[in-house]
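Trainee: Please find the sequence and the predicted model below.
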Amino acid sequence: MWHIALYLSCLTGVCIYSAVKGGSPERIAALGMLVGSALTFVAHAQWFEGDFSTVEIGVLVVDTCLLAIVAALALASSRFWPIWLTALMIVQVASHLPKLISPNVQPFAYAIVAGLWGYPLLLTIAVGIWRHQRRLQMTGADRPWSTSFEAWMASRRITGRTA
């Protein structure tokens, strides 16, 4: 269980770091990881009583939803790191495929591969926060959203459409 404590410590650190030093994209990513991690624990422990002997459907659903969130963040953000975060989430979702294809995959191997990608995801967010702070120190500003996303949001406000 030490690995769970280690992951939760890293997650807590990144969430605090994003709350104190991150911009909007960094905070959204950290919040997504926090909610996704909580839902993963719930999906694994309670809903399906998972032991990784079969595909963890609940975890796969959570991973897929988090992939959609970080992909949208990559499209809307002016930052480069969300593209890496999206790539890592694609690998995270794909880590469920071997068990889908071959049920003979050992549960321990599946558990390791499915859980391994959380650390690079957190590291990517932390590096994004660090780079955000560097840009703020160098230029005094760091636009969080792409020009096209800001224009799209402005056009929605002008026409009165909010949804």
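Mentor: Cool, got the structure. Residues are numbered from 1 along each chain as shown.
Trainee: what helix or strand does the residue nearest to the spatial centre of the chain sit in?
Mentor: Here the mean C-alpha position of the chain is nearest to the C-alpha of Met33 (C-alpha atoms, centre = their mean), at a distance of 4.6 Å. In this assignment (DSSP states H and E), Met33 forms part of helix 24-42.
Trainee: which residue packs closest to Asp29, ignoring adjacent ones?
Mentor: Just so we're on the same page, residue 29 is Ala rather than Asp. Nearest non-adjacent residue to Ala29, counting by C-beta to C-beta, 6 or more residues apart in numbering: Ile125, 4.9 Å away. Every residue, glycine included, has its C-beta placed from N, CA and C.
Trainee: Quick one: residues in contact with the lowest-mean-pLDDT helix or strand in the chain.
Mentor: Within the chain, no helix or strand scores below helix 147-159, which has a mean of 74 by mean pLDDT, DSSP states H and E. Residues outside helix 147-159 that contact it (C-beta atoms under 8 Å, 6 or more residues apart in numbering): 75-78, 145, 162.
Trainee: Would you map the helices across the protein?
Mentor: Remark: helices assigned in the chain by DSSP state H are 2-21, 24-42, 57-76, 81-94, 97-101, 107-116, 118-139, 147-159.
Trainee: what's the closest of the ones you listed to Asp51?
Mentor: helix 107-116 (6.2 Å; C-beta to C-beta).
Trainee: will you turn the helices of the chain into CSV that also has distance to Asp51?
Mentor: Below are these laid out as CSV (distance: least, C-beta to C-beta, whole Å):
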stretch, distance to Asp51
helix 2-21, 15
helix 24-42, 14
helix 57-76, 12
helix 81-94, 20
helix 97-101, 12
helix 107-116, 6
helix 118-139, 19
helix 147-159, 42
